[in-house]
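Peer 1: give me a model of this one.
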Amino acid sequence: MTITVRELLELPGLGLRLVAGEGGLDKAISWAHASELTDPTPWLSGGELILTTGLAVKGTPARQRSYLKRLARAGVSGLGFGVGFGFDEVPLPLRRVADADDFPIVEIPYPVPFIAVTKAIWAQVAEKRVRDLQLSLDIHERLAHVLAAAGGPADVLEEVVAIAPGWAYLYSPSGRLVAAAGSDAAPSLDEVWRDLPPGLASGTGPTSSGTVAPEGASLALAVTAGGRHEGVLVYGKTARFEARDRLVVHHAVTVLGSLLAMRRAIAQAERRVAGDLLVEAVEGRLRGTELARRLELAGLGANRLTALVVETDSQPSEDLVLAVEWAADRPGEIRTAIHEGRILVVVPHPTATQLAEIAVKLAGVERVAVGDAVPASDLKRSYVSASLALKAAPAGRPVVSSRDLGSYGLLSAQPREVIEGYVSSVIGPLIERDRERGSELVASVRAFVEAGAHWEEGAAALGVHRHTLRYRINQAQELIDRDLGDPQDRMEVWLALRAADLLQA
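Peer 2: The predicted structure is shown next:
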């Protein structure tokens, strides 16, 4: 806490007068120290007001000029010169150097003791500290009241700009606008987001950033809670910041961190409940009107829903699931779960493709499959079509859909009994042998067929020697009485393998 030279001169009862260095009136005084040493700088830390009767500057003008230069280089904020002891007025050489260097010199009348100046400075500092503490308490109480009244981020920002007029944006870590408030003079959302330092938004870089320009000032602060990065608050105004502005922003960051952390905890609980429901639906344990009713209770009341299956480069994390949710325009309208090592997302039909195209750009996401749009009571069908699209589509395609089903689409149009009969008649013996002996005939036949009957490619896909693959294929051909070197027989087996995938799905 400090007092400026200008504020010191305005204190009543001291009769202080500025005699030189007017350009330094706004320098902050952190301490008042009386010293008659010729060179007190080894014992100074900067920001002091040195009080002297002039004993240290008796002598030549050169000595006086050197004395003042030393104080200025040490970061001293000003010189309080007591007249009536060795000097009737401040020496002219001191005043000339002070004017040239904007180093303020304050004349202290003879009747005023230095201790009175020191006490006056510290009384003002203490009063400022009390005012700032009261202001901080008032700001905290106003913002905490918003939180206690179940207000949201937008309510907090509205209170921020009510206390400190300006504008405020709250972004999610991915750059989505969470809330905004303030004047029409605010810059565009994209412009503010673009100007943030790298890593500030994601939590991997600095935790704050400030700008000062002719058109105004801004301050960006990371919003955190419990060591977790929740977003970024950016506050700005068309003028220089005051102490109140900075206090408001720092208190707002604390309140927003608590608010977003609570919301995340609630969202995680809702996600777990909704996730269990989605898993029951796609596994076929819940269906029909009961499924539709429970999905509506979970916030998925749209007429038609779409399942998205997100493949990741590793086991999906909670953070990645959250990032997928934030990628949606309205994250509250989607539900997610982790199922069989992939992220399952259920969304209202019109937003499915858009979300898939955004999600596939997230770090850690490899591919996204968009299922058929279906009534809520038939959600499993959408999940099956998305899962099969991942199998059928070329590996390099980031977003796939039911249009990529190919033969799966043709097979799925057949009654289940027909598909089961076809699988049993063509590759049933292979399935039975694998089940009885733990062999890998079905996998070996699949690798060989998908390699176009090329031994080297098929063996490489399985990770075995080509002679091992040849032995297994000979066994398989004897069991199913088909020649996998014949294109027609190979096509029938390939279709049977696809049909088996469909039954499993």
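
Peer 1: so Leu221, which state does it fall into?
Peer 2: When classified by DSSP: H, G, I helix; E, B strand; the rest coil, Leu221 comes out as strand.

Peer 1: looking at strand pairing, list the partners for it.
Peer 2: Ser208, Leu233 (DSSP bridges).

Peer 1: all helices for the stretch 1-150 of the chain, in order.
Peer 2: 5-9, 61-73, 92-101, 114-148 (DSSP state H, counting those that start in this stretch).

Peer 1: kindly report the same for the stretch 251-400 of the chain.
Peer 2: 288-297, 318-327, 352-359, 379-392.

Peer 1: what's the most buried one of these?
Peer 2: Greatest average neighbour count among those goes to helix 379-392 (a mean of 24), per mean count of other CB atoms under 10 Å. In this view, the C-beta of every residue, glycine as well, is placed from N, C-alpha and C.

Peer 1: what packs against that one?
Peer 2: When contacts are defined as 3 or more CB pairs under 8 Å, 6 or more residues apart in numbering; DSSP states H and E, helix 379-392 sits against helix 243-282, strand 304-312, strand 365-375, strand 399-401, helix 407-412, helix 487-504.

Peer 1: try it again at 7 Å.
Peer 2: Here helix 379-392 touches helix 243-282, strand 304-312, strand 365-375, strand 399-401, helix 487-504, going by 3 or more CB pairs under 7 Å, 6 or more residues apart in numbering; DSSP states H and E.

Peer 1: pLDDT of that helix, averaged?
Peer 2: On average, the pLDDT along helix 379-392 is 83.

Peer 1: so how far is stretch 485-498 off the chain centroid?
Peer 2: Here stretch 485-498 is found 51 Å from its chain centre; the criterion is CA atoms, centre = their mean, to the nearest Å.

Peer 1: buried residues, that stretch. List them.
Peer 2: With burial defined by 16 or more other CB atoms under 10 Å, the residues of stretch 485-498 counted as buried are Asp489, Arg490, Glu492, Val493, Trp494, Leu495, Ala496, Leu497, Arg498.

Peer 1: Gly288 is nearest to which of the helices of the stretch 1-150 of the chain?
Peer 2: Among the helices of the stretch 1-150 of the chain, the nearest to Gly288 by CB to CB is helix 114-148 (42.6 Å).

Peer 1: the domain parsing of this protein - what is it?
Peer 2: 3-122, 150-263, 286-405, 416-504 (automatic domain parsing).

Peer 1: pick the most buried one from the helices and strands packed on helix 379-392.
Peer 2: strand 304-312 comes out most buried of the helices and strands packed on helix 379-392 by mean count of other CB under 10 Å, with a mean of 24.

Peer 1: how distant is that strand from the center of its chain?
Peer 2: Relative to where its chain is centred, strand 304-312 has its mean C-alpha point 24 Å off (CA atoms, centre = their mean).

Peer 1: please name the strands paired to it in the sheet, noting orientation.
Peer 2: Paired with strand 304-312 in the same sheet, following DSSP bridges, are strand 342-348 (antiparallel), strand 365-375 (antiparallel).

Peer 1: so which of those strands is nearest His229?
Peer 2: strand 365-375 (19.5 Å).

Peer 1: how close does the residue minimising distance to the centre of the chain get to Asp155?
Peer 2: Nearest to the geometric centre of the chain sits Pro173, at 2.0 Å (CA atoms, centre = their mean). Distance, Pro173 to Asp155, by CB to CB, to the nearest Å: 21 Å.

Peer 1: do the same with Glu333
Peer 2: 22 Å.

Peer 1: ok, those two, which is more surrounded?
Peer 2: Shown here are Glu333 and Asp155; by other CB atoms under 10 Å, Asp155 has more neighbours (18 against 15).

Peer 1: sorry, back to before: CSV for the strands paired with strand 304-312, including mean pLDDT and distance to Met262?
Peer 2: As requested, the strands paired with strand 304-312 are exported to CSV (pLDDT from 0 to 100; distance: least, CB to CB, whole Å):
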stretch, mean pLDDT, distance to Met262
strand 342-348, 89, 24
strand 365-375, 89, 28
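
Peer 1: neighbours around the nearest residue to Tyr110 once chain neighbours are set aside, how many?
Peer 2: Excluding the flanking residues, the one nearest Tyr110 by CB to CB, 6 or more residues apart in numbering is Gly84, at 2.9 Å. A count of nearby residues for Gly84, using other CB under 10 Å, gives 13.

Peer 1: how about Ala116?
Peer 2: Neighbour tally, Ala116, other CB under 10 Å: 13.

Peer 1: list the residues that contact it.
Peer 2: By CB atoms under 7 Å, 6 or more residues apart in numbering, Ala116 lies in contact with Leu14.

Peer 1: name the nearest residue to Asp99, sequence neighbours excluded.
Peer 2: Per CB to CB, 6+ apart, closest to Asp99 is Ala20, 5.1 Å.

Peer 1: bridging residues for the one you found?
Peer 2: The partner residues for Ala20, given DSSP bridges, come to Ile105.

Peer 1: confidence score at it?
Peer 2: For Ala20, the pLDDT comes out at 95.

Peer 1: quick check: it vs Val384, distance?
Peer 2: Distance from Ala20 to Val384, by CB to CB: 87 Å.

Peer 1: likewise Gly371?
Peer 2: 7 Å.

Peer 1: ok, Gly175 touching Ala201?
Peer 2: Yes: at 6.4 Å, Gly175 counts as touching Ala201 under the criterion of CB atoms under 7 Å.

Peer 1: the more surrounded of those two?
Peer 2: Ala201 (20 against 16).

Peer 1: wait, is the more buried one part of a helix?
Peer 2: No: read with three-state DSSP, Ala201 is coil and lies in no helix.

Peer 1: for the closest residue to it other than its chain neighbours, what are its contacts?
Peer 2: Once flanking residues are discounted, Ala201 sits nearest to Val232: 5.1 Å by CB to CB, 6+ apart. Contact analysis of Val232 by CB under 7 Å, 6+ apart lists Tyr171, Leu196, Leu200, Ala201, Ala220, Ala222, Val223.

Peer 1: equivalent analysis for Gly205, please.
Peer 2: By CB under 7 Å, 6+ apart, Gly205 lies in contact with Pro197, Pro198, Gly199.

Peer 1: repeat the analysis, applying 10 Å as the threshold.
Peer 2: Leu196, Pro197, Pro198, Gly199, Ala222 (CB atoms under 10 Å, 6 or more residues apart in numbering).

Peer 1: which SS class is it?
Peer 2: Recorded secondary structure, Gly205: coil (three-state DSSP).

Peer 1: for it, which non-adjacent residue is closest in space?
Peer 2: Gly199 (1.9 Å).

Peer 1: surely the one you found touches Ser208?
Peer 2: No: Gly199 is not in contact with Ser208 according to CB atoms under 10 Å; the separation is 11.7 Å.

Peer 1: shared neighbours of those two, anything?
Peer 2: Ala222.

Peer 1: confirm for me that Leu221 is in contact with Pro197.
Peer 2: No: applying CB under 10 Å as the test, Leu221 and Pro197 come out as separate, 11.9 Å apart.

Peer 1: overlap of the contact sets of the two?
Peer 2: Joint contacts of Leu221 and Pro197 (CB under 10 Å, 6+ apart) are Pro206, Ser208, Ser209.

Peer 1: show me which of these are buried.
Peer 2: Ser209.

Peer 1: got the shared contacts of Leu221 and Pro197 as JSON lines, with pLDDT and distance to Ile431 columns?
Peer 2: Formatted as JSON lines, these follow (pLDDT from 0 to 100; distance: CB to CB, whole Å):
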{"residue": "Pro206", "pLDDT": "84", "distance to Ile431": "59"}
{"residue": "Ser208", "pLDDT": "86", "distance to Ile431": "62"}
{"residue": "Ser209", "pLDDT": "86", "distance to Ile431": "62"}
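
Peer 1: got TSV for the shared contacts of Leu221 and Pro197, with distance to Leu300 too?
Peer 2: TSV is the format used below for the shared contacts of Leu221 and Pro197 (distance: CB to CB, whole Å):
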residue	distance to Leu300
Pro206	40
Ser208	39
Ser209	39
